[in-house]
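**Student:** What shape does this take:
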Amino acid sequence: MTTLVFGLTLVRHGETSYNTMGILQGQAIDSPLSDAGVKQADAAGLYLKDINFSNVYASDMLRARRTAESIVKHNSGCSDLQIISDPLLKEKSFGIAEGQKVKDVKELAKAAGLSFLDYTPPGGESLQQVKERFKIFWEKLLQEIGHEHWDTRGKEPTLPPTLSPVERRAHDGIQEAPVHALVVTHGAYMREAVRYFMEELNCSIPQVLDKSHMLSLSPNTGLCRFIVSVEKERDWFRLMQIHCVFMHRVDHLELLQE
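**Tutor:** Numbering: from 1, shown residues only. Have a look, this model is predicted:
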């Protein structure tokens, strides 16, 4: 069976002043990156500078767009690549809780018997709604990657079943992948995307990871990587399998501490 195998790197946006102050942003607050967030985005770009991205997608919110621009700016092979801004990648809407202190919303969630990440404030999106929004983006991604790159498919990357998430190499898992998509989005949204991969797409994960780590909130500019295989049925591209290489990697931020 002929397949197309491509890499997928998910990145959470860099820090904003609202992140620092512990204030929920969601969709209503379209804040730019803070000075620290700009440095984080640049560090992520330098870490990924030799990755040959073929497609770049970003939430249309400022913090994600600016992070994607920094990564592309530093990249040696795709500095002229168009960044596709997609509203489907927006952060989860937190309804009336947007603009409130995260600690106060955590208390509301606790009173409702839920964790902060599982709580839906009045007027906000439920986890199911976020997942459904991601599923639309995911299907669109598969079709776009398939139609653009089916004729450039190459050798399938080798994936050791015990691949460690701390190998620290920017190319981990995708050395031989002919196609690689970068998606820059938001923390709560990424969590639901990963949950969808695990619970509905049967995503395989390295033995050193567990579900709690997979579903934790990625830090600012946290990197998550997957290898995706698709097959072609007439003019439609269907997922065959997806494998997680690493989750929430922040090795690039060590550059800021040196």
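**Student:** Confirm for me that Phe116 is in contact with Ala109.
**Tutor:** Yes. At 4.8 Å, Phe116 counts as touching Ala109 under the criterion of Cβ atoms under 8 Å. To be clear about C-beta, it is placed using only N, CA and C from the backbone, and glycine gets the same treatment.
**Student:** any chance you could map the strands in this protein?
**Tutor:** Counting by DSSP state E, the chain has strands at residues 3-12, 55-58, 83-85, 179-185, 223-233, 236-249.
**Student:** now for the first one, which elements pack on it?
**Tutor:** Read that as strand 3-12. Here strand 3-12 is seen to pack against helix 62-74, helix 127-149, strand 179-185, helix 187-199, strand 223-233 when contacts are counted using 3 or more Cβ pairs under 8 Å, 6 or more residues apart in numbering; DSSP states H and E.
**Student:** For Gly22, find the nearest of these.
**Tutor:** Comparison of the helices and strands packed on strand 3-12 against Gly22 by Cβ to Cβ identifies helix 187-199 as nearest, at 13.2 Å.
**Student:** which helices and strands sit right next to that closest one?
**Tutor:** The criterion is 3+ Cβ pairs under 8 Å, 6+ apart, and the helices and strands that helix 187-199 contacts are strand 3-12, helix 127-149, helix 211-214, strand 223-233, strand 236-249.
**Student:** what do you get if the cut-off is 6 Å, keeping everything else the same?
**Tutor:** strand 3-12, helix 127-149 (3 or more Cβ pairs under 6 Å, 6 or more residues apart in numbering; DSSP states H and E).
**Student:** buried sites along the shortest one?
**Tutor:** This means strand 3-12. Neighbour-count burial for strand 3-12, counted by 16 or more other Cβ atoms under 10 Å, picks out Leu4, Val5, Phe6, Gly7, Leu8, Thr9, Leu10, Val11, Arg12.
**Student:** Would you confirm that the fifth one contacts Phe226?
**Tutor:** Yes. With contacts defined as Cβ atoms under 6 Å, Leu8 counts as touching Phe226 at a distance of 4.5 Å.
**Student:** Might you report the residue contacts of Leu217?
**Tutor:** When the contact criterion is Cβ atoms under 6 Å, 6 or more residues apart in numbering, the partners of Leu217 are Gly187.
**Student:** could you redo the last one with a cut-off of 8 Å?
**Tutor:** Shown here is Leu217, whose contacts under the criterion Cβ atoms under 8 Å, 6 or more residues apart in numbering are Leu117, Gly187, Ala188, Arg191.
**Student:** got a list of what the second one touches?
**Tutor:** For Gly187, the set of contacting residues under the criterion of Cβ under 8 Å, 6+ apart consists of Arg12, Glu91, Leu217, Ser218.
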